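Visitor: Task: produce atomic coordinates for the following.
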Amino acid sequence: MANVWRMRYVVIMAGGSGKRLWPLSRQGMPKQMLHLVGETSLLRMAFDRVIDVVGAEQVWVCTGADYADTVRAELPELPAANILGEPVGRDSLNAVAWPAAVLANQDPDAVVAMVTADQIMQPVEAFQDALRTGFEVAEADPTALVTFGVVPTTPHTGYGYLHRGAGVAGQTEVFEVLEFKEKPDRETAQAYLDAGDYWWNAGMFVWRADTLLAQLAQLVPDCHATVQTLATEPARLEELFPTLPKISVDYAVMEPVSQGRGTPGTRVVAVRLPITWHDVGGFPALAEHLPRDEDGNAMAGPSLLMDARNNLVINKTDDGGVVAVLGMADTIVVRHGNVTLVCPVDQAERIKEVVARAAEELGEAYA
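Guide: This is a model prediction of the structure:
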């Protein structure tokens, strides 16, 4: 196992700002660093899930440069050199491309798992087994880009989907991916659930670093050239990283490869992920992990509710204050620091708009 570990790496993608969880998540403290559920940060949860699979020294974190010190404090076991700090956010393609180039430069045989820092998974052992399977598939088949499909339990409209095809020979839990589907409406999501051959797209991957880089050379040559330069000339990071194309890895690589537009013979396969899975992307998802009273109100922190139903109330201030809610339903109320947010649950996706306006009109101290 030790020899295998030396070529296996895990990169935790922890660069998102988490604007849909504002004001809990702020510019200086993104959501993956927060202790949103229990006493452990989402980043720590992600780290603890993978260290039994590859070992702490094989774990890397790709995050914002401004968060590097916070990551070091949260993960003291992590070698300092294993933190890659992006000077600006350039979407998920570059969060996977840059680490792949860096790791391929130091280990030409590197096999890399890209996992997220904002998901809650149970049971952890099932995730670890699936991750090991992903490594095995990528090691055995250099033409495979491996992703993970969560078996859906509800017609969820907030997740993308994978349409799975035939099984992969010799693997009972691995299937070809026919296509990627965007977040559906309710009727379409129900059809996916009824069909049984659609999985939630977990947004995690395993591949040989050189295989991914070959796809970049084919599909996004400007990105390929830039990250290859950064792997050998890291001092040019501030100069070159902002020039990278801002695009998701699904749009730039995974979808084109699944459609046969990658290097000849390359394919996308998905490992079945039989877990309870929550992407903590916003307050409705967070509410699923908080205690509720008999009226369906999810709460964290000192609060007083009367004639209130199905609200989310979070009070994260340290001044001893109480949030009181009277006669309201289906509403989000969050008090943290110098900001109090109140909005209907069905408007939660628009919180990013509020963050942008707060920065513009009130200053960065409120963003």
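Visitor: check contacts around the closest residue in space to Ala100 that isn't next to it in sequence.
Guide: The spatially closest residue to Ala100, leaving aside those adjacent along the chain, is Ala209, at 4.4 Å (C-beta to C-beta, 6 or more residues apart in numbering). Yep, even glycine has a C-beta here, placed from its N, CA and C like the rest. Each residue near Ala209 by C-beta atoms under 8 Å, 6 or more residues apart in numbering is listed here: 100-101, 103-104, 107, 110-112.
Visitor: Identify those among those residues that sit within strands.
Guide: 111-112 (DSSP state E).
Visitor: Tell me which two of the contacts of Ala209 sit farthest apart.
Guide: Ala101 and Val111 (14.6 Å; C-beta to C-beta).
Visitor: picking up where we left off before, quick one: the residue nearest to Ala100 and His278, what's the gap?
Guide: In this view, Ala209 and His278 are 29 Å apart by C-beta to C-beta, to the nearest Å.
Visitor: now swap in Val112 and tell me
Guide: Taken as C-beta to C-beta, the span from Val112 to His278 is 25 Å.
Visitor: more crowded one of these two?
Guide: Val112 (27 against 17; other C-beta atoms under 10 Å).
Visitor: Now do Leu24, the pLDDT please.
Guide: On the pLDDT scale, Leu24 is placed at 89.
Visitor: My guess is it contacts Arg335. True?
Guide: No. Contact criterion C-beta atoms under 8 Å: Leu24 and Arg335 do not qualify, at 9.8 Å.
Visitor: Now the common contact residues for those two.
Guide: Jointly contacting Leu24 and Arg335 under the rule C-beta under 8 Å, 6+ apart are 314, 316.
Visitor: Roughly how far does the residue nearest to Gly203 when sequence neighbours are not counted sit from Asp52?
Guide: Leaving aside its chain neighbours, Gly203 sits nearest to Thr116 (5.8 Å; criterion: C-beta to C-beta, 6+ apart). To Asp52, Thr116 is 18 Å away according to C-beta to C-beta.
Visitor: Among those two, which residue is more densely surrounded?
Guide: Thr116 (20 against 13).
Visitor: Tell me the bridge partners for the more buried one.
Guide: Beta-bridge pairing of Thr116 under DSSP bridges involves Met13.
Visitor: Quick one: residues contacting it.
Guide: Thr116 neighbours (C-beta under 8 Å, 6+ apart): 12-13, 46, 202-204, 279.
Visitor: Name the residues of the host helix or strand of Ala356 that are buried.
Guide: Secondary structure from DSSP states H and E places Ala356 in helix 351-361. Residues 351, 354-355, 358 are the ones in helix 351-361 that count as buried (16 or more other C-beta atoms under 10 Å).
Visitor: that's a helix at Thr147, yeah?
Guide: No. According to DSSP: H, G, I helix; E, B strand; the rest coil, Thr147 belongs to no helix; its state is strand.
Visitor: Count the residues that sit near it.
Guide: The number of residues packed near Thr147 is 27, by other C-beta under 10 Å.
Visitor: Is it in contact with Arg164, as I believe?
Guide: No. Counting by C-beta under 8 Å, Thr147 stays clear of Arg164, with 10.3 Å between them.
Visitor: Mind listing the shared neighbours of these two?
Guide: Joint contacts of Thr147 and Arg164 (C-beta under 8 Å, 6+ apart) are 177, 270.
Visitor: Low-confidence bits of the chain, can you list those?
Guide: Scanning the chain for pLDDT under 70 picks out 1-6, 16-17, 38.
Visitor: Quick check: the residue nearest the centre of it vs Met13, distance?
Guide: Of all residues in the chain, the one closest to the mean position by C-alpha atoms, centre = their mean is Thr116, 3.4 Å from it. Separation of Thr116 from Met13 (C-beta to C-beta) stands at 5 Å.
Visitor: Thanks a lot, see you next time.
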